[in-house]
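[1] show me how the following folds:
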Amino acid sequence: MKLTTRGHYSVKALLDLALQPNHQPTSVKAIAQRQDLPAPYLEKLLIELRRAGIVESVRGAQGGYRLAQLPAQISLGQILEAVGEAVDPLVRHHPEAEHAEDWVTLTLWRRLHQKLREALYSITLEDLYYDARSWQAAQGESTSFMV
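    Numbers count the residues shown, from 1 in each chain. This next block holds a predicted model:
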């Protein structure tokens, strides 16, 4: 499974929102600048994430987007599904009944798929945040945060 631009940008934007003090909303322009993302594309992704209930929009001069849930309650699987990423990495395979090795292979891939799916839904935005912070610390980077 490969994380596409849609998935990567979505995770970066959500990690940026997770950093906002007191759950304050932030504008698409501000997120785009901090994370070096194209604002029009980011806006489309945030709309999809809002429809999925992952973020909420706040109107007004100090409006923008904010997380609709705590980072610990948002899974990578939810994020990817919200922006149309496939969490089903397997091609639909239908082996012929007389080929036993095809059934063995199919069973193996089904089990691997299930484990991958479980992993995607067990990794939270909070986990990704701490992983990114640990990586930055190991690289000797300052506390500024760009995913």
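
[2] okay, buried residues for stretch 17-37 please.
    Of the residues in stretch 17-37, 17-18, 20, 25-26, 28, 31-32, 34-35, 37 count as buried by neighbour count, 16 or more other C-beta atoms under 10 Å. Yep, even glycine has a C-beta here, placed from its N, CA and C like the rest.

[3] need the residues you listed in a markdown table with distance to residue 79 and secondary structure, can you?
    Formatted as a markdown table, these follow (distance: C-beta to C-beta, whole Å; DSSP: H, G, I helix; E, B strand; the rest coil):
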| residue | distance to residue 79 | secondary structure |
| --- | --- | --- |
| 17 | 12 | helix |
| 18 | 12 | helix |
| 20 | 17 | coil |
| 25 | 19 | coil |
| 26 | 18 | strand |
| 28 | 17 | helix |
| 31 | 15 | helix |
| 32 | 18 | helix |
| 34 | 18 | helix |
| 35 | 15 | helix |
| 37 | 15 | coil |
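
[4] pick out the lowest-pLDDT one from those.
    Among the buried residues of stretch 17-37, residue 20 carries the weakest pLDDT, at 88.

[5] would you mind measuring from it to residue 40?
    22 Å (C-beta to C-beta, to the nearest Å).

[6] now residue 48
    Applying C-beta to C-beta, one obtains 14 Å for the distance of residue 48 from residue 40.

[7] of these two, which one has the most company?
    residue 48 (17 against 9; other C-beta atoms under 10 Å).

[8] how near is that one to residue 120?
    Residue 48 sits 17 Å away from residue 120, going by C-beta to C-beta.

[9] do the same with residue 86
    11 Å.

[10] ok, residue 74 next?
    Taking C-beta to C-beta, one finds residue 74 at 12 Å from residue 120.

[11] the more surrounded of those two?
    Ranked by neighbour count (other C-beta under 10 Å), residue 74 and residue 120 place residue 74 first, with 25 against 19.

[12] hang on, the earlier thing: in TSV, list the buried residues of stretch 17-37 along with distance to residue 6.
    Converted to TSV, those look like this (distance: C-beta to C-beta, whole Å):
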residue	distance to residue 6
17	17
18	19
20	22
25	22
26	20
28	16
31	15
32	15
34	19
35	14
37	11
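
[13] that concludes my questions; thank you for your assistance.
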